[in-house]
Every structure is written in structure tokens, then in C-alpha cells.
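Undergrad: Could you look at this predicted model? Sequence included:
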Amino acid sequence: MILRALPLTAEAFAPFGRVFDLTGAPGDGVRPMSGDGWTDSYTLAPLIDGPGHLGLTQGPAAPWDCRLMERHPRTEEALFCAGAPIVLAVAPGSAAPAPLAETLRAFVIRPGQVAVMERGVWHDACRGLDGPTPYHWMATCGLGPDPWVEVAGGPVRVSA
């Protein structure tokens, strides 16, 4: 099975969480600002629904075979670029012990966009769109083990 990543939009990502666009355009939940040669924007509400830890992951390049995923039932997780676009593979949260290959979706997150996954959404580590790249995440850490499990019916080849 081959899965092509879609552009990250609020509508497409809605089954998995919410999206913020911090590129400067007024939007849902975002306030842009500017000054003498600078622009700024921020979320009007906290990014995740609890106290968060900021992390940095070095991701390899897309495409890849998505074989394993994890989920966090006790925290939301926000993902955003450190400078270059990344690809995120997700599957809906459920009571099932593993994500199902046919339910996987993939999204390209561009600089200035933030994807906030709801609690329990299955996800793989992100990959760089154009090569290995670092990216940031924010979640509450230390809430318990969140094991990586095999994708049922997988692997799924994810391409950009």
C-alpha cells in the first residue's frame, strides 16, 4: 500500500486534531502582529491542553515504510518545523491495540504551521520532506509508557 502525503489543512486534519497557521495571516485562533521590519503571530489559547515539554527530534527523509506507531492517551502533542517541511503519518485514535493500515493518513507540515494531535491519535516519527531534518514537538512527558506497536496490515509506504 502506498500513501501520498496531503498538504496540512484544518479541514483535512480535523479527524486527528487541529491546525494553526502562524505565517502572519489572521485565522482561527491566531493573532498576527508586526512592527518595524518584523512579523509575529501566536495562538490565542495554549497550544496543548496541559503543561508541555518542548522537544527536538532529528527525522530521516521521506519516503519511508511506516511499520510502527505510538499514541499518547494522556496528552495532546503539537508538531512543528524547525526550518524545513516535515511529513507526519497518523491514524485515528481508538481502543484498538494497534493502528490499522487502511486508516493511515499523511500530511506535509510547512514552516509556520502547527499540527496538534488529539490524545490517543496514532503517529509515527516525522520525516523530512526533502531530506533528513529536525523538527519540534510539544507534549506532557513522564505520564507513562507509550509503546511503539506494529501497524496492523502494514507496513504502509508513505511518500510526499
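TA: Thanks, I have it. Numbering: from 1, shown residues only.
Undergrad: Pairing partners for the host helix or strand of Asp40, with directions?
TA: If you go by DSSP states H and E, Asp40 is part of strand 39-43. Strand 39-43 has its sheet partners listed here by DSSP bridges as strand 30-34 (antiparallel).
Undergrad: Show me what counts as buried in the strand it pairs with.
TA: Val30 (16 or more other Cβ atoms under 10 Å). Any C-beta I mention is one placed from the backbone N, CA and C, and that applies to glycine too.
Undergrad: again, but for stretch 64-77
TA: So, applying 16+ other Cβ under 10 Å, buried residues of stretch 64-77: Trp64, Cys66, Leu68, Met69, Glu70, Arg71, His72, Thr75, Glu76, Glu77.
Undergrad: Ok, stretch 44-54 next?
TA: Result for stretch 44-54 [16+ other Cβ under 10 Å]: buried residues Leu47, Ile48, Gly52.
Undergrad: Return the member of those nearest to Val156.
TA: Ile48 (26.7 Å; Cβ to Cβ).
Undergrad: Please look at the closest one and Ala115 and confirm they touch.
TA: No: with contact defined as Cβ atoms under 8 Å, Ile48 does not count as touching Ala115 (11.5 Å).
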